[in-house]
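Asks: Sequence isn't available, so here's the structure alone:
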Ligand SMILES: C[S@@+](CC[C@H](N)C(=O)[O-])C[C@H]1O[C@@H](n2cnc3c(N)ncnc32)[C@H](O)[C@@H]1O
């Protein structure tokens, strides 16, 4: 892991503009900070999706309508606090399924495993510590009917239309009639969106800066943390909410005996969180080999969990 981590960080910092991969946000401290973010008043995403799963899980199960034994595979499961609502509902109908949460973060998976064992003791669980693309291969080997979960707006975190490649690969690894439930954050008042990444209490700022702390701690780098600042933006045309870390002075940072220069005001791109319209979602399903079975919205129409069937 450290080797790939180092290689990915070095590769990101020689690019122009400099980038750091968002999947490395989630060490123990990062996963904990994200749990705090989910509770913030400004972070509507979790509340909206929670409401959807709290009120519409029975409809989702009815629309999925599995005829025999099936498997639920969740990509980027995190702490599973929302998925639990759907799994609870499904367990009232059947226990004849396996739930495989996949996450690159060991600590997130450990937390999920611990809480599900207590709260959903009848759940047959198979946690997998892997990244999305390597886990996609594993889908193919399974012959059972599948429901793939990709919740919490994780779909919005790909750069350069990477969600198209991910969904196409997912489709190539499942069979006609298998389903995917995907959580999309919807385009809305740009101020509501920007506030979600710029909370007053500064937790999102901490979360972004924690990436530099992690690189210092695990790769022996010497980022001077107070010399970088969190900077979120939202572009209502592209639907991209983007977070940067801005260098507050002209400075050098040493990582693995390599020196990186940061100019005053230079950004490091750290995260993208794309927002979609209903028509964006329809186009995405159509172009990746799926049809939309149903869309489940929260009451404010901020978020949608979209159930797709592979065609
Ligand atoms: C924003 S959180 C959302 C978690 C959960 N889906 C939810 O809705 O609460 C993203 C999760 O995806 C995981 N993740 C991010 N990039 C990943 C990747 N490339 N492969 C596997 N897991 C990844 C993170 O570790 C984190 O737990």
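Replies: It's in. Values in this document were obtained by computation on a predicted structure and should not be read as measured data.

Asks: Mind checking what secondary structure the closest residue to the ligand within the chain has?
Replies: As assessed by C-beta to the nearest ligand atom, the ligand sits closest to residue 152 within the chain, at 1.9 Å. Quick note: C-beta positions are derived from backbone N, CA and C, even for glycine. Secondary structure, DSSP: H, G, I helix; E, B strand; the rest coil: residue 152 is coil.

Asks: tally of neighbours for it?
Replies: As a burial measure, residue 152 scores 25 neighbours (other C-beta atoms under 10 Å).

Asks: For residue 208, see how far away residue 199 is.
Replies: Relative to residue 208, residue 199 is positioned 11 Å away (C-beta to C-beta, to the nearest Å).

Asks: Between those two, which has more neighbouring residues?
Replies: Neighbour count, other C-beta under 10 Å: between residue 199 and residue 208, residue 208 has more, with 26 against 19.

Asks: Spit out the contact partners of the more buried one.
Replies: Residue 208 is in contact with 25, 230, 243, 245, 270, 271, counting by C-beta atoms under 8 Å, 6 or more residues apart in numbering.

Asks: picking that back up, what residues are shared contacts of residue 199 and residue 208?
Replies: Common neighbours of residue 199 and residue 208 (C-beta under 8 Å, 6+ apart) do not exist.

Asks: I'd say residue 284 and residue 165 touch.
Replies: No. Look at residue 284 against residue 165 with C-beta atoms under 8 Å: they stay out of range, at 11.9 Å.

Asks: who has more neighbours, these two?
Replies: Between residue 284 and residue 165, counted using other C-beta under 10 Å, the more crowded position is residue 284 (21 against 13).

Asks: From the contacts of residue 208, which land in strands?
Replies: Among the contacts of residue 208, DSSP state E puts 230, 243, 245, 270, 271 in strands.

Asks: need the contact list for residue 108.
Replies: Residue 108 neighbours (C-beta under 8 Å, 6+ apart): 26, 31, 77, 78, 79.

Asks: where along the stretch 1-150 of the chain do the strands fall?
Replies: Using DSSP state E, counting those that start in this stretch, the strands of the stretch 1-150 of the chain run over residues 18-19, 70-75, 97-103, 124-125, 128-129, 145-150.
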